[in-house]
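*Asks:* Okay, predicted coordinates and the sequence, questions at the end:
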Amino acid sequence: MSDSSTIIAIVSLAALVFSLYGGASPVAAITSFVRTISANPQVAELFRFLFLGTIVEAGRQVGETMLKFGSSLFVVKAEFGTHDFAYDWVLNYLEHHRVWNESRSFKVVARNAASRPNSSTSASLGSTDGHPDAIYEPAPLTASFFRWRGYWISVNKSVAGYAHYDTGEEIGGALSISIWSRKRQILDEFVRAARQFYIDSKVLPRRVEREEPSGALLTAVFPQGDLAHNWMLAYLRSANALGGTMDFTISTKQSDLGWGNGPKDTVRYMPAHDTKQRFLFESPRTGRSTWLQVVVTPGQRNWNSHTETGGSITIILHSSDKAVLADLIETAHQKYLQNGVSTVTVHLTDNRGEWAKTITKSRRALSTLILPTDIKETIVADARQFLESENWYNQAGIPHRRGYLLYGEPGTGKSTTIHVLAGELGLEIYFISLASPGIDDYSLAKLISDTPSRCILLIEDIDCAFPSRDEEDEDEEPVLDKEGKPIGRNPTPPRSAVTLSGLLNVLDSVSSEEGRLTFATTNHIENLDSALIRAGRMDVKIQYKFADSVQIEQVFKRFYPPEEEQAIVGDHDSEDVQGNARAPLIHAPYTPAEVDAYAVEFGQAIPASAYSIAQIQGYLLTKKRNPAGAIEGVQQWLKSQEEEKRVMAELKQKRKAERAKKLKLARERAEAAAATKKLTADNAEGETTDQTSDTSSVDGIGGVGVKVNGINADG
Ligand SMILES: Nc1ncnc2c1ncn2[C@@H]1O[C@H](COP(=O)(O)OP(=O)(O)OP(=O)(O)O)[C@@H](O)[C@H]1O
């Protein structure tokens, strides 16, 4: 009975007594009432029960109030909601202490068991047939007691939750604990111990949604196209952090190389769109472990440029410490650099003028680059010294940038030099071709500002930003003066939308002063503007020529290494960084002495400064593993090359003759046009004179006729 009902009962009783004995004093009325009812034994019995019941209920209520008061003095209580991480700490800790070991009432779950903390009480159900294990949880409202550091603690699943329709994780429930102690700090110690145990046992944390607001977590987004995205991807792949997903997109495309475990993987397993994976980051620096949740969003493929843009990697850190994020990024960066030891990364643009694609090439050894004398060593030393002398540049007030112009015949090793150098210096190449459709002054400036400091910026075929001055160019049209006389030729319009001033601005821009090595290559240095190649923009200029006899010998020896076993030269993947054969393929059927002798013979057979290394390499590739055959066939090959040259020269000659004919025709047409113009002017003058004299008008018209005939005869 509640307090109010007791009061109502007493008041009603008093009212009854008063109505019966209204005229008497209250004491007399109660006395006579008691006398009246005690005369009736049944009514007396009823009132005795009522009286005793009231006493017992009042006593119970007083006792309960005292117990509540007492327990608030001697028991510390806490509740943990299933939506919160603290619930996971405590649940995991209690499971570890086998708190419900003796219980006879469980809730058993199997869905999503793989992502739940490992339970010591979990039963392995059919673990061999791929079914998940079951997890035993306390059933709602069953209390369990256990001793912890000398205190009694009771645990009770006070509110039963329900499974989330998507994740299967319990939400809406609560776990209550009561610690039998007067000391409030025991609760702090308990929660701290549970949290530490959770961290130490590295159990898989619950999944959180990116949108879920949580001050306890840090979120970092790495957008595709930024270098940090590449670092993170390299790190996650190397740490096998993306293998845990259950949703894959399978690809066999070369362009999806980044998702393979190695460059030679034929099938690549890419995480499906927006899949979330949890992964324990163990910092090699601090030794600290932090759970990460990784969400990979692949980009949209642009079918014109065959590149992917707009993707991202989102990392949710189960930590609020920014130092962990910084540590993760640095670890990923270091991993990426380590990978770069055996590979060279080349960034390419799409046709909208954005860095969109990254390809990885095997690193090429310095020894595989064949240049006269010690040019390659000089270039490497020069670039290395430049990178190491940033302070010197700053102190001297000179922009910290260096430009190299590699010019000369095609196929002589200009691009190869840059590839080799990138491998030697551990730098990435940012490749821009000025002839690409999407590249103009604006996109060029943007592309360059989007490159990191310390990289190689490679501008290939820089001459296409300038009009060609090639005498042989067939597209040239004659330029005529006012009189219609040819005064020269129109230079071919540049093949690039980039202008000279745009290019110079970019080379001089502030963003180029960050330890960047700019390389430009061209086959036509004569077409370049002197402003572009002056020192300060192009500090080092190196000419590449056709191979001399020493180079020819070296190429030959490279094809027939004197080792017992050999790899196919020219296939870079079969060489390691030192240029040694990685995968021995076949027993060499010749001795080193034989190869040396053949090489000298080969060097003498091929005329010096007439062929590029690319051409010679092309021939030797037809004679793999057969140095004697290469010597035997060389004269035949030279003849075919001469024949090819002759045919090319003939074609050129023919084209020249056609152009001369075209030019002559154009000149004649122009002269005729000029003559017509003059005749019209004379005629107009004649008509003016005619208005004053009739005879002169006839002469004038006749004069016109003669002139017209004259033009026709000429024509
Ligand atoms: N000096 C060289 N040393 C080693 N290999 C070379 C050399 N020159 C050319 N090659 C080989 O020839 C091929 C083409 O070389 P590369 O692309 O470097 O020439 P390039 O001068 O840049 O030509 P282009 O001016 O046409 O771009 C490569 O496969 C490379 O292996």
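*Replies:* Right, received. Where do you want to start?

*Asks:* pLDDT weak spots in the stretch 401-550 of the chain?
*Replies:* Where the stretch 401-550 of the chain drops to pLDDT under 70, the residues are 467-495, 510-513.

*Asks:* which residues touch the residue of the chain found nearest the ligand?
*Replies:* The ligand sits closest to G413 of the chain, with a gap of 2.6 Å, by Cβ to the nearest ligand atom. C-beta here means a position set from N, CA and C on the backbone, and glycine is covered the same way. Shown in contact with G413 (Cβ atoms under 8 Å, 6 or more residues apart in numbering): 369-371, 544, 613.

*Asks:* What does it show for phi and psi?
*Replies:* phi 110, psi 20 (degrees, to the nearest 10).

*Asks:* one step back: in helices, which of the contacts of G413 appear?
*Replies:* The members of the contacts of G413 that map onto helices under DSSP state H are I613.

*Asks:* In strands, which of the contacts of G413 appear?
*Replies:* Secondary structure from DSSP state E places Y544 of the contacts of G413 in strands.

*Asks:* Same list (the contacts of G413) but as CSV, adding distance to the ligand and neighbour count.
*Replies:* Shown next, in CSV, are these (distance: Cβ to the nearest ligand atom, whole Å; neighbours: other Cβ atoms under 10 Å):
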residue, distance to the ligand, neighbour count
L369, 5, 21
I370, 4, 21
L371, 5, 22
Y544, 6, 23
I613, 4, 23
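
*Asks:* And the contacts of G413, which is closest to I379?
*Replies:* In terms of Cβ to Cβ, no member of the contacts of G413 lies closer to I379 than L371, at 8.6 Å.

*Asks:* Quick check: that closest one touching T417?
*Replies:* Yes - the criterion here is Cβ atoms under 8 Å, and L371 meets it with T417 at 7.3 Å.

*Asks:* Domains in this protein, by residue range?
*Replies:* What automatic domain parsing lists as the domains of the chain is 3-73, 74-201, 218-339, 357-467+493-544, 549-625, 643-714.

*Asks:* out of the ones you listed, nearest to Q635?
*Replies:* The closest of the domains of the chain to Q635 is domain 549-625. By Cβ to Cβ, the value is 6.9 Å.

*Asks:* That closest one: end-to-end distance?
*Replies:* 21 Å (Cα to Cα, to the nearest Å).

*Asks:* G438 and A356 touch, don't they?
*Replies:* No - assessed by Cβ under 8 Å, G438 is found out of contact with A356, at 10.1 Å.

*Asks:* so what sits against both of the two?
*Replies:* Common contact partners of G438 and A356 (Cβ under 8 Å, 6+ apart): 349-350.

*Asks:* Of those two, give the one with the bigger neighbour count.
*Replies:* A356 (21 against 16; other Cβ atoms under 10 Å).

*Asks:* Next up, phi/psi of the more buried one, please.
*Replies:* Note on A356: backbone dihedrals following degrees, to the nearest 10 are phi -130, psi -20.

*Asks:* Likewise for A193?
*Replies:* Main-chain dihedrals, A193, degrees, to the nearest 10: phi -60, psi -40.

*Asks:* Pull the number of nearby residues for it.
*Replies:* Counted with other Cβ under 10 Å, A193 comes out at 15.

*Asks:* Who are the contact partners of it?
*Replies:* Y93.

*Asks:* is the spatially closest residue to F106 that is not a sequence neighbour in a bridge, and if so with what?
*Replies:* Distance criterion Cβ to Cβ, 6 or more residues apart in numbering; nearest residue to F106, sequence neighbours excluded, is Y136 at 4.8 Å. Beta-bridge partners of Y136, counted by DSSP bridges, are V108.

*Asks:* Against R206, how distant is Y136?
*Replies:* 18 Å (Cβ to Cβ, to the nearest Å).

*Asks:* With neighbour numbers in mind, choose between these two.
*Replies:* Neighbour totals were compared for Y136 and R206, and R206 leads with 22 against 18 (other Cβ under 10 Å).

*Asks:* Give me the longest helix you can find in the chain.
*Replies:* Ranked by residue count, the top helix of the chain under DSSP H comes out as helix 627-690.

*Asks:* Distance from that one to the middle of the chain?
*Replies:* In this view, helix 627-690 has its centroid 52 Å away from the chain centroid, taken as Cα atoms, centre = their mean, to the nearest Å.
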